[in-house]
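>>> heads up, no residue letters with this:
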């Protein structure tokens, strides 16, 4: 009996993992440590929130960028600035409803002032905002603006070696 | 070329006031249909100017704290002056009629002004809601003494251990300069007019 319950639980976990994204609550350091590992990867990190209209509007462009360059070492991370307490009630249902394919995480930082400054000295804190990092060359571009797909594509091309 | 254009645009908005600059006065329509200027409050020692709006969840999260700031500091000479800089064509919830409704419902004790041309938000260099510009009245004009967030916990004010605006106003009231004069915070972008 115990075995059946365990098997069922395991199966449910597998089904859940396959059907939904594994959205984690992360600190910015967890994202940032990737940049320091010298790799071919280009990171496109979009700062957004479910409550931010212009952010929601541009989200599909990030999925599109990911899809168009699926054979390239591109990693798109949609880093939600929704409150971590909204992970299950808001962020997860939103990601499912919008069928977002890119990697989504929710930021947890106590000191937002320090976090914003760490991302970019030029960032006032308004969203949407996007950070593009080439881990190999160390090139680092930051945009505090709503982007079109064309802009996103051109910024991605610019940062490639 | 597109990138260059964007950089230029963001620089235009990033200009505006820094701490120590003298801020312009304005003449904006209040929710009571009358226009208001900073100069209309001769007994004020300064002003807690807050760019805020109806629709933004972060502005809503801070709404009660903005009311409390006015209740605490208006009598001490630092009234809250709330300004909505958003274009209602882009964000209908931020129309003048909706502002009037919200101010009535929530019993705003402070003026809630409409920056319909967005000239004041641009002059101040505001980028998001909510965003505070704390001004001190001096012989030279209204000097910017603090720019930034209200405190460091948007979700729950009772857990904020850094109350930036209160600390800054308290410093000014005792003749000191605020120790923290600039903070960054997450907020909703100002909804600029599409044609500008």
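Thanks, I have it. Quick caveat, the model's predicted, so the values are computed rather than measured.

>>> where do the helices sit along chain A?
A:2-19, A:28-36, A:53-68, A:92-97, A:112-119, A:149-159 (DSSP state H).

>>> for those helices, which has the smallest mean pLDDT value?
For these, the weakest mean pLDDT is recorded on helix A:2-19, namely a mean of 53.

>>> I'd assumed residue B:154 was in contact with residue B:58.
Yes. Under the criterion of C-beta atoms under 8 Å, residue B:58 makes contact with residue B:154 at 5.8 Å. In this view, the C-beta of every residue, glycine as well, is placed from N, C-alpha and C.

>>> out of these two, which sits in the busier spot?
Between residue B:58 and residue B:154, residue B:58 has the larger neighbour count (other C-beta atoms under 10 Å in any protein chain shown), namely 26 against 21.

>>> what's the closest of the helices of chain A to residue B:174?
helix A:112-119 (23.6 Å; C-beta to C-beta).

>>> and that closest one, what other elements does it pack with?
Applying 3 or more C-beta pairs under 8 Å, 6 or more residues apart in numbering or on different chains; DSSP states H and E, one finds that helix A:112-119 makes contact with helix A:28-36.

>>> which residues in chain B form strands?
Using DSSP state E, the strands of chain B run over B:22-23, B:28-30, B:35-36, B:46-51, B:80-84, B:112-114, B:128-129, B:131-138, B:141-148, B:187-189.

>>> could you dump the ones you listed to JSON lines with mean neighbour count?
Listed next are these as JSON lines, based on neighbours: other C-beta atoms under 10 Å in any protein chain shown:
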{"stretch": "strand B:22-23", "mean neighbour count": "16"}
{"stretch": "strand B:28-30", "mean neighbour count": "19"}
{"stretch": "strand B:35-36", "mean neighbour count": "15"}
{"stretch": "strand B:46-51", "mean neighbour count": "24"}
{"stretch": "strand B:80-84", "mean neighbour count": "26"}
{"stretch": "strand B:112-114", "mean neighbour count": "24"}
{"stretch": "strand B:128-129", "mean neighbour count": "27"}
{"stretch": "strand B:131-138", "mean neighbour count": "24"}
{"stretch": "strand B:141-148", "mean neighbour count": "21"}
{"stretch": "strand B:187-189", "mean neighbour count": "26"}
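
>>> worst average pLDDT in these?
What stands lowest among the strands of chain B, in mean pLDDT terms, is strand B:187-189, with a mean of 92.

>>> partners of it in the sheet?
Strands that pair with strand B:187-189, judged by DSSP bridges, come out as strand A:126-127 (parallel), strand B:128-129 (antiparallel).

>>> quick one: contacts for the residue lying closest to residue B:188 once chain neighbours are set aside?
In space, and not counting its chain neighbours, residue B:188 is closest to residue B:56: 3.6 Å by C-beta to C-beta, 6 or more residues apart in numbering or on different chains. Residues near residue B:56 by C-beta atoms under 8 Å, 6 or more residues apart in numbering or on different chains: A:51, B:129-130, B:187-188.

>>> 10 Å instead?
Going by C-beta atoms under 10 Å, 6 or more residues apart in numbering or on different chains, residue B:56 touches A:51-53, B:62, B:86, B:91, B:93-94, B:128-130, B:187-191.

>>> cool, residue A:147 as well?
Per C-beta under 10 Å, 6+ apart, neighbours of residue A:147: A:46, A:54, A:58, A:61-62, A:65, A:128-130, A:153-155, B:2, B:6.

>>> as CSV, the helices of chain A with mean neighbour count would be great.
Output for these, formatted as CSV (neighbours: other C-beta under 10 Å):
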stretch, mean neighbour count
helix A:2-19, 9
helix A:28-36, 14
helix A:53-68, 17
helix A:92-97, 14
helix A:112-119, 18
helix A:149-159, 16
